Every structure is written in C-alpha cells, then in structure tokens.
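Undergrad: Quick one, what's the 3D model for this:
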Amino acid sequence: MKRNRHQFLLSQYHHNHAVQLVHGGKSYFDKLIAMIDSASNCIHLQTYIYENDATGQQVTQALIAAAGRGVAVYVLLDSYGSEGWKQSWPAALEAAGVHFRWFSSVANNQHFYLGRRLHHKVVVADAQRCLVGGVNISNRYNDLPNDPAWLDWALYCEGPAAAILDVVCLRIWQRDVSRKKRLTAQQFDCDTSLHNCMPVRVRRNDWVRGHVQITRSYLEMFREAQSHIMMMSSYFLPGRKMRKAMQQAANRGVKVCVITAGKSDVKTAKYAERYLYNWMLRHNMQIYEYMPHILHGKLSTYDGKWVTVGSFNVNNISTFASVELNMDVLNDRFAQDVEVQLKYIMQHQCTLVDNDSFTRQTKWYHRLWYRINYDFIRITFFLFTFYFKQEKRQR
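TA: Coordinates of the predicted model:
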C-alpha cells in the first residue's frame with residue numbers, strides 16, 4: 001500500500017510550487033551553496049560525479065559547516081563516477097558529522113549490469129527546497145577564470161515536490177528507514193521572485209526497480225505535441241521505441257528540433273549520434289550542434305506549455321540502466337520562457353545541420369566510422385544487460 005501511494009505521488013502533478021530554471025555554472029553553485037547554508041533541519045545530496053577540486057571543496061566546506069550547526073546531512077555518491085574520492089574523503093566527512101554512503105554502480109542483485117549507476121543530481125533542503133538537474137560537482141560544471149562551465153541546467157523548486165524528493169532520497173539511502181517516513185507536503189513561503197503556483201511532478205527512471213516515469217514523460221511529449229518539440233540532449237541516442245515516437249510526431253507535422261553536442265567529452269557517443277543524423281533529416285527533424293563548449297544539458301519542452309529538466313539523457317543507458325531523476329513543469333509562461341532561451345542558443349551558439357551540409361561534409365569513410373561506433377555502443381549495451389533482463393522477466 002505504501003509503495004502504491006509513493007508511485008501515485010510520483011505520477012501526479014502537485015500545485016503551489018515556486019520554480020526557477022537555473023543555468024549551470026556560477027548560478028547553479030551559488031544556488032546550491034545558499035540552500036546548504038540556509039538549511040536548518042536536513043540536507044540530502046546525491047550525485048554522480050563529485051571531485052576534490054576547488055568547486056568540490058567549496059561544497060564540502062558548506063556541508064561540513066551545516067553538520068556543525070546540527071543539520072542532518074546525508075551524502076550519497078556513485079562509486080564509479082566519484083571514485084577519485086575513495087581514499088580519504090569519506091572519513092573526513094564522517095569525522096565532521098556528515099552521513100556518507102557509496103552507491104554501487106555496476107552490481108545489482110548479484111548480477112552485473114552495465115550502466116547501473118546513480119546518475120541523478122539532486123539536493124533537498126529541509127524537505128522544502130530542492131535542486132534537480134544534470135550538474136555534477138566539479139570545476140568542469142562551474143565558471144572559472146578563462147574556463148566557462150559546460151552548458152547545463154537545473155530546476156530549483158520550493159513546494160510539495162521537495163517533500164516527495166526527500167522521501168525518494170531516503171528510500172535510496174536506506175530503504176528500511178524510508179518506509180517509516182510519511183509522505184506529507186510541508187507548508188512553505190514562496191520566493192516571490194520565482195515563477196509561482198506551478199504544477200510540478202517528480203519523475204524517476206530506475207528500470208531495474210521498475211521506475212520508468214521519465215521514459216513515459218518523453219513518450220507523452222511525442223504523443224501529445226501538436227506544434228513543436230525542442231530537445232537538448234548531450235548524448236542523444238534514442239532507442240527504437242523513442243525513435244518510433246519521434247517519427248510519428250514528425251510525420252503528423254510537429255516541428256522537432258534537437259540540440260546536440262558539437263564538442264563532446266565522449267567521442268564514441270558523438271560519432272554514434274551522427275549515425276542517426278540521416279534518419280533525423282529524412283524525417284524533417286532539425287538538428288543544431290552547440291559549438292562554444294561542451295554540452296551536458298538535458299532539457300525538453302513542447303508546444304510552449306511543458307518542460308522537463310533533469311539528469312536523463314535520451315539514450316538506452318538512461319532508459320534501462322541508470323538511476324535518473326527529472327522534474328516536469330506544466331505551465332505556459334514557464335515553458336515559453338524556457339523556449340526563448342533555447343531559441344537564443346540555437347540562433348547564436350549553434351550550427352544548423354541540414355541535408356546539404358551534412359552530405360557535403362560527410363564522406364563514405366565518415367559514415368562507416370559513425371556506423372561502427374553506433375553498433376559498438378548498441379551491441380556492448382545489449383551483451384552486458386541481456387542476461388539481467390532475462391532474469392528479471394523470470395522473477
């Protein structure tokens with residue numbers, strides 16, 4: 001019954017939220033530090049990459065200070081993404097009163113499962129304020145002198161969704177404890193500088209444990225869109241079901257625009273992504289490659305009325321393997337403000353990839369190389385996950 005109620009809360013929009021789209025870089029870390037500094041009761045921080053650099057040390061000192069003033073601080077890190085901290089950092093945090101745990105990223109239920117990792121990035125303060133996005137804790141995601149941050153986004157939210165996320169974090173942290181925590185929306189005072197009274201819902205993907213809400217959000221977007229869809233995805237490799245839904249939207253006249261990385265930190269993924277360009281262009285989808293720096297953002301919107309922001313990449317790793325977290329906002333004014341920002345990026349910071357330019361610049365050996373990388377990713381993922389999927393179906 002409690003699990004069913006939790007699933008119900010995740011599936012529903014909840015009203016009376018104050019929300020703000022936060023740009024990665026200094027804006028994000030200013031917001032994060034302010035949340036930690038203002039917390040009076042409890043902080044949950046769960047992320048994929050947490051590095052021992054200037055940005056990481058700044059966040060660490062804020063967490064230690066919060067624990068020192070009596071705030072219950074819980075930190076959960078992915079054991080693969082944050083492996084550089086394993087030697088000394090946990091002991092230092094625990095000595096300062098911070099509760100710390102590793103999330104095992106590749107083993108689940110005694111089965112090897114490629115991509116099984118804690119990929120979401122979430123901070124919850126006092127079950128009243130939360131920050132959800134794609135930003136890891138590292139200098140790469142911060143604005144430093146002569147070194148701008150990778151392009152990324154997060155959603156800052158005050159309201160009932162923060163109380164739901166507090167429960168989500170507790171369940172991941174320690175399931176026995178979380179079952180005793182009631183799912184109650186706490187009262188709060190909205191920051192009047194934010195977009196107020198917004199309908200928001202929390203969306204999770206953790207296929208191993210039966211959570212596929214983010215996938216459903218994307219399929220709902222492709223199904224419901226009537227005018228246009230705008231997607232920004234750093235590692236864009238949609239699986240068969242996603243591609244079919246995209247194609248159906250494009251075939252009924254929906255303008256589908258995708259912002260992909262021009263420069264990528266994962267070359268194999270970028271080459272594999274370009275293999276799909278021919279398919280996208282055949283179905284009249286528009287492709288924009290972001291050029292100034294590395295693109296890491298994960299954000300989508302449609303028809304000027306709906307936005308999803310979080311850690312979910314449109315690919316099979318996020319769909320079937322990683323633990324992901326997004327938040328959906330259903331509001332015309334907020335969605336239209338987001339679209340203005342995306343249109344500016346497309347017009348001023350991207351290169352449009354059209355049929356002529358792509359055909360002219362792509363020789364036969366480029367296409368062969370793109371296909372090799374695409375098949376490598378597809379086959380590797382299949383081989384390392386097929387056994388687990390079969391076992392899961394039999395249980």
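Undergrad: Dump stretch 62-81 to PDB, restricted to CA.
TA: Below are the C-alpha coordinates for stretch 62-81, written out as PDB (Å, rounded to 0.1, in the frame of the first residue of the first chain):
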ATOM      1  CA  ALA A  62      29.400  24.100   3.200                       C
ATOM      2  CA  LEU A  63      28.200  20.600   4.100                       C
ATOM      3  CA  ILE A  64      30.600  20.300   7.000                       C
ATOM      4  CA  ALA A  65      29.500  23.700   8.300                       C
ATOM      5  CA  ALA A  66      25.900  22.600   8.100                       C
ATOM      6  CA  ALA A  67      26.600  19.400  10.000                       C
ATOM      7  CA  GLY A  68      28.500  21.500  12.600                       C
ATOM      8  CA  ARG A  69      25.400  23.600  13.300                       C
ATOM      9  CA  GLY A  70      23.300  20.500  13.900                       C
ATOM     10  CA  VAL A  71      21.800  19.800  10.400                       C
ATOM     11  CA  ALA A  72      21.400  16.200   9.500                       C
ATOM     12  CA  VAL A  73      23.500  15.900   6.300                       C
ATOM     13  CA  TYR A  74      23.200  12.800   4.000                       C
ATOM     14  CA  VAL A  75      25.600  12.400   1.100                       C
ATOM     15  CA  LEU A  76      25.200   9.500  -1.400                       C
ATOM     16  CA  LEU A  77      27.700   9.300  -4.300                       C
ATOM     17  CA  ASP A  78      28.100   6.900  -7.200                       C
ATOM     18  CA  SER A  79      31.000   4.600  -6.500                       C
ATOM     19  CA  TYR A  80      32.200   4.800 -10.200                       C
ATOM     20  CA  GLY A  81      31.600   8.400 -11.000                       C
END
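Undergrad: Pull the residues that contact it.
TA: The contact list for stretch 62-81 (C-beta atoms under 8 Å, 6 or more residues apart in numbering) reads 33, 36-37, 39-50, 85-86, 93, 96-106, 117-119, 136, 169, 172-173. (Each C-beta comes from the backbone N, C-alpha and C, glycine too.)
Undergrad: Can you go through these and name the buried ones?
TA: 36, 39, 42-50, 85, 93, 96-100, 102-103, 105, 117-119, 136, 169, 172-173 (16 or more other C-beta atoms under 10 Å).
Undergrad: Point me to the residue sitting closest to the centre of the chain.
TA: S311 (0.8 Å; C-alpha atoms, centre = their mean).
Undergrad: List the contacts of the nearest residue to it once chain neighbours are set aside.
TA: Distance criterion C-beta to C-beta, 6 or more residues apart in numbering; nearest residue to S311, sequence neighbours excluded, is H120 at 4.5 Å. Neighbour list for H120: 46-48, 132, 310-311, 322-325 [criterion: C-beta under 8 Å, 6+ apart].
Undergrad: Tell me the one of the residues you listed nearest D152?
TA: Of all the contacts of H120, D152 sits closest to S311, with 10.0 Å by C-beta to C-beta.
Undergrad: State the distance from the closest one to N139.
TA: According to C-beta to C-beta, to the nearest Å, S311 stands 19 Å off from N139.
Undergrad: Strands along the stretch 1-150 of the chain, start to end?
TA: 14-23, 42-47, 72-78, 99-103, 107-108, 111-112, 121-125, 129-133 (DSSP state E, counting those that start in this stretch).
Undergrad: what about those, which gets the closest to K255?
TA: K255 lies closest to strand 14-23 among these, at 21.8 Å (C-beta to C-beta).
Undergrad: name the helices or strands packed onto the closest one?
TA: In terms of contacts (3 or more C-beta pairs under 8 Å, 6 or more residues apart in numbering; DSSP states H and E), strand 14-23 is packed against strand 153-158, helix 160-173, strand 195-206, helix 332-348.
Undergrad: what comes up buried for the helix or strand immediately after the last one in the chain?
TA: Toward the C-terminal end, the helix or strand that comes next after helix 332-348 (DSSP states H and E) is strand 350-353. Within strand 350-353, the residues scored as buried using 16+ other C-beta under 10 Å are 350, 353.
Undergrad: What mean pLDDT does stretch 253-265 get?
TA: The average of the pLDDT scores along stretch 253-265 is 94.
Undergrad: try stretch 103-114
TA: Here stretch 103-114 scores 53 as its mean pLDDT.
Undergrad: For Y290, pull up the helix or strand it's in.
TA: Here Y290 is assigned to strand 286-294, by DSSP H and E.
Undergrad: Could you spell out the sheet neighbours of the helix or strand following that strand, each with its direction?
TA: On the C-terminal side of strand 286-294, the nearest following helix or strand under DSSP H and E is strand 298-302. Its sheet considered, strand 298-302 pairs with strand 228-233 (antiparallel), strand 306-310 (antiparallel) by DSSP bridges.
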